[in-house]
Structure formats: C-alpha cells, structure tokens
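Colleague: any chance you could fold what I've pasted below:
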Amino acid sequence: MQKKENEQNKNEQEQYLKLTEAQYQQQLKDKQEAEKKSVVIKSKLFQTLGVSKIPTFGEALEVAKTAANITGIRPAFLLAIISQESAIGKNVGQCNLVDTTTGAGKRISTGATVIRVMKPIRDVQPFMQITSALGRDPYKTPVSCWIPAYVNGSPSGWGGAMGPAQFIPSTWNLFDERLKALLGTAPDPWGIKDSFTASGLYLADLGASAQTATKESTAASRYYGGSSAYARNVMSRANCIQTFIDSGMMSTNCQNLIF
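Modeller: Okay, here's the model as predicted:
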C-alpha cells in the first residue's frame with residue numbers, strides 16, 4: 001500500500017514539472033478544492049440504525065474497510081448494504097417488543113401498538129439470548145417494526161430486525177460463533193463494527209467475495225429475500241461510494257441517495 005502511494009506521489013510530481021506556473025497553480029487550487037469537498041462529505045452523518053451515536057460517513061467508511069478486509073468483500077458494497085438497510089429501517093420506524101407470546105410490540109416514538117414486531121417461534125428466544133448476553137433490556141431494545149404486507153388478505157412477514165445491518169435474531173445466531181472468533185467478544189448487533197462484520201460474513205457466504213457486479217447483485221438480492229429492486233438500489237449506492245473511495249468525489253445525486 002505504501003509503495004503504491006509513493007508511486008502515485010511520484011507520478012503527480014512528474015506531471016506538475018511539465019506544467020506552466022499558471023497551469024500548476026490552477027491544478028493545485030482544483031486539488032485543494034476537491035480535498036475540501038471530500039472532508040465535508042466525510043463529515044456528514046451516516047444514517048445508521050439502532051446505535052447510540054450516529055457515525056460520520058468517514059467513520060463508517062473506515063469501519064466498512066476493516067470489516068470488508070476481514071470478510072473478503074468490497075467496502076463500497078458492504079457500506080451500500082448498510083446504507084440501504086438503514087434507509088428502509090428509517091422509513092419503517094423503530095419498535096420495542098412487548099408480548100413474547102404473540103410477537104406484538106409498540107412504536108418507540110409514539111407508544112402505539114404494532115402487530116408482528118417479532119416472530120415468536122423463530123426469533124423471540126434468540127432475541128432474549130442475544131440481549132441477555134449483552135446485558136440489554138429486551139423490552140427497551142430497538143428492533144424494526146413490521147412492514148405491512150398482505151397475501152390473499154392475510155398479514156405476511158414480521159419485523160424484529162436488529163441494528164445497522166438489520167439482522168433478525170435467528171439469522172444473527174447463525175454467525176455468533178464466527179463473530180466471537182473474529183472479534184474476541186460477544187458480538188453486538190447494535191455495535192457498528194460487529195454489525196458491519198456480520199453483514200460482511202453473510203454477504204461473502206452469498207457470493208459477494210467474488211467482487212463482481214453479477215455476484216454482488218445476486219448477493220444483495222438474496223440478502224433481502226430475492227428482491228431485484230433492492231439489489232438495484234444497493235448497486236447504485238455502491239457505485240456512488242466506490243467513486244468516492246477512488247476519487248474523493250461524490251455527485252449531488254449520489255449525496256442525496258446516500259445521505
């Protein structure tokens with residue numbers, strides 16, 4: 001990495017030597033302006049669900065790079081998944097579990113009753129285990145609300161997804177031992193590093209470690225139950241983030257999408 005940076009600096013210096021003084025000053029000014037814009041973008045808050053302190057985009061990007069390096073996927077793709085999940089969760093709202101028998105809960109912001117917050121048979125027991133291991137109150141811990149959906153007039157699907165990566169408890173438990181081995185502690189779905197790493201492991205298992213557009217799109221689709229629209233949105237976000245990683249630049253359209 002250091003060798004590559006040295007080569008880039010050397011190439012920049014050689015290019016500057018070929019310029020007139022006016023051209024040099026203009027390029028220097030352009031570079032300084034680009035660096036200022038990059039700093040502004042990095043300082044923007046990156047919407048992240050279920051965390052006590054929302055990170056900046058720059059902070060989230062560094063965590064994504066670390067988690068992606070551990071799991072073998074592209075940082076831009078991982079952060080795009082987190083961005084998409086948080087966008088969905090932000091629109092759905094956040095809930096608390098109330099009734100472990102029915103899975104009903106309440107909306108945190110209003111206290112209004114919400115049905116199907118967590119699937120009792122599949123997710124309530126794992127959720128209780130996860131929160132107990134972390135010393136959290138399961139009835140005050142935020143999870144996603146149910147997204148209203150109906151099949152032939154009957155409600156379908158459940159809420160209950162946890163933290164920035166929006167894992168349901170039963171799926172999180174599938175990665176528990178691998179996360180403990182990597183992180184050295186009990187993994188926390190509401191922790192940024194832990195949730196990013198879990199998402200990276202899952203996406204790698206789904207084929208994203210190939211780091212091709214086709215494999216990543218397929219992995220994104222499977223991450224959200226086979227939705228091609230979800231995958232398209234993720235890939236759009238990933239392209240925006242990759243451009244920023246490569247150049248430090250992000251278009252207004254991309255900023256509107258990410259932030």
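Colleague: which residue packs closest to the residue most central in space within the chain, ignoring adjacent ones?
Modeller: With distances taken as Cα atoms, centre = their mean, the chain has residue 82 as the residue nearest its mean C-alpha position (1.5 Å). Computed as Cβ to Cβ, 6 or more residues apart in numbering, the closest residue to residue 82 that is not its neighbour in sequence is residue 164, at 5.4 Å. (C-beta placed from N, C-alpha, C; glycine too.)
Colleague: what does residue 259 give?
Modeller: Closest to residue 259 by Cβ to Cβ, 6+ apart is residue 44, at 5.3 Å.
Colleague: neighbours of that neighbour, how many?
Modeller: 15 (other Cβ atoms under 10 Å).
Colleague: give me the pLDDT value at it.
Modeller: pLDDT recorded at residue 44 is 92.
Colleague: residue 35 versus that one, what's the distance?
Modeller: As for residue 44, its distance to residue 35 is 16 Å (criterion: Cβ to Cβ, to the nearest Å).
Colleague: one step back: I'd guessed the residue nearest to residue 82 sits against residue 47; true?
Modeller: No: counting by Cβ atoms under 8 Å, residue 164 does not reach residue 47; the two are 9.3 Å apart.
Colleague: next, residue 106: secondary structure please.
Modeller: Classification of residue 106 using DSSP: H, G, I helix; E, B strand; the rest coil returns strand.
Colleague: find the nearest non-adjacent residue to residue 87, please.
Modeller: Distances taken as Cβ to Cβ, 6+ apart place residue 47 nearest to residue 87, at 7.1 Å, with adjacent residues excluded.
Colleague: residue contacts, that neighbour?
Modeller: 54, 83, 86, 87, 90, 259 (Cβ atoms under 8 Å, 6 or more residues apart in numbering).
Colleague: pLDDT wise, what is the first one at?
Modeller: The predicted local confidence for residue 54 comes out at a pLDDT of 87.
Colleague: quick one, phi/psi of the closest residue to it other than its chain neighbours?
Modeller: Nearest residue to residue 54 in three dimensions, chain neighbours excluded: residue 45, at 5.0 Å (Cβ to Cβ, 6+ apart). Per-residue torsions, residue 45: phi -70, psi 140 (degrees, to the nearest 10).
Colleague: so residue 45 sits against residue 55, correct?
Modeller: Yes: the pair residue 45 / residue 55 is scored as a contact, 7.5 Å apart, by Cβ under 8 Å.
Colleague: so which of these two has more stuff around it?
Modeller: Using other Cβ under 10 Å, the more surrounded residue of residue 45 and residue 55 is residue 55, with 17 against 13.
Colleague: for burial, what's the neighbour tally of residue 194?
Modeller: 24.
Colleague: for it, give me its contacts.
Modeller: Residue 194 touches 179, 183, 187, 188, counting by Cβ under 8 Å, 6+ apart.
Colleague: just the closest of the residues you listed to residue 207, please.
Modeller: Each of the contacts of residue 194 was scored against residue 207 by Cβ to Cβ, and residue 179 proved nearest at 19.8 Å.
Colleague: give me the below-cutoff pLDDT ranges for the protein.
Modeller: Across the chain, the ranges flagged by pLDDT under 70 are 1-19, 27, 30, 88-93.
Colleague: so which residues of it form strands?
Modeller: Remark: strands assigned in the chain by DSSP state E are 94-97, 105-107, 113-114, 143-144, 150-151, 154-155.
Colleague: same list, those strands, but as JSON lines with mean neighbour count and distance to residue 29 please.
Modeller: Formatted as JSON lines, these follow (neighbours: other Cβ atoms under 10 Å; distance: least, Cβ to Cβ, whole Å):
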{"stretch": "strand 94-97", "mean neighbour count": "22", "distance to residue 29": "45"}
{"stretch": "strand 105-107", "mean neighbour count": "20", "distance to residue 29": "51"}
{"stretch": "strand 113-114", "mean neighbour count": "17", "distance to residue 29": "54"}
{"stretch": "strand 143-144", "mean neighbour count": "26", "distance to residue 29": "47"}
{"stretch": "strand 150-151", "mean neighbour count": "8", "distance to residue 29": "58"}
{"stretch": "strand 154-155", "mean neighbour count": "10", "distance to residue 29": "59"}
